[in-house]
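Colleague: A structural model of the following input is requested.
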Amino acid sequence: IYITTSTLEEVRILATTFIEERLAACASVFGGATSYYGWEGAVASESESILIAKTAISRRDESITRIKEIHSYDRPCIVSYDIEEGSHDYLQWVQSDTEAS
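Modeller: The predicted structure is shown next:
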């Protein structure tokens, strides 16, 4: 799941929450991004931080709901990508680490 936030602190909170609640097996944090977007007829830009949360498809809906509960944006960027190929061992680990306890 790809998520953007306005601050590095917020993305760290999301990452920690995901791991603690076993909604993701791993969360990668990227600070210092600049997002450009159309707003009210003009091009706007903002500094953002990015979180990529690696989770099982069975936890996707719960993860998205949780993000919406704690995210500071009214309409946060939350985009889910299905994995078609990858390291079998890694994907097995993600699956097993995010199974509900």
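
Colleague: List of residues touching whichever strand or helix holds residue 15?
Modeller: According to DSSP states H and E, residue 15 maps onto helix 8-20. The contact list for helix 8-20 (CB atoms under 8 Å, 6 or more residues apart in numbering) reads 3, 5, 23-24, 26-27, 29, 31, 49-51, 53, 55, 63, 66-67, 70-72. Where C-beta positions appear, they are placed from N, C-alpha and C, glycine not excepted.

Colleague: Same question for stretch 30-50.
Modeller: By CB under 8 Å, 6+ apart, stretch 30-50 touches 2, 3, 4, 5, 6, 7, 8, 10, 11, 29, 51, 52.

Colleague: Quick check: buried residues in that stretch?
Modeller: 48, 49, 50 (16 or more other CB atoms under 10 Å).

Colleague: pLDDT weak spots in this protein?
Modeller: Residue ranges of the chain with pLDDT under 70: 100-101.

Colleague: Quick check: most distant residue from the centroid of it.
Modeller: In the chain, the residue that sits farthest from the middle, by CA atoms, centre = their mean, is residue 41; the gap is 28.3 Å.
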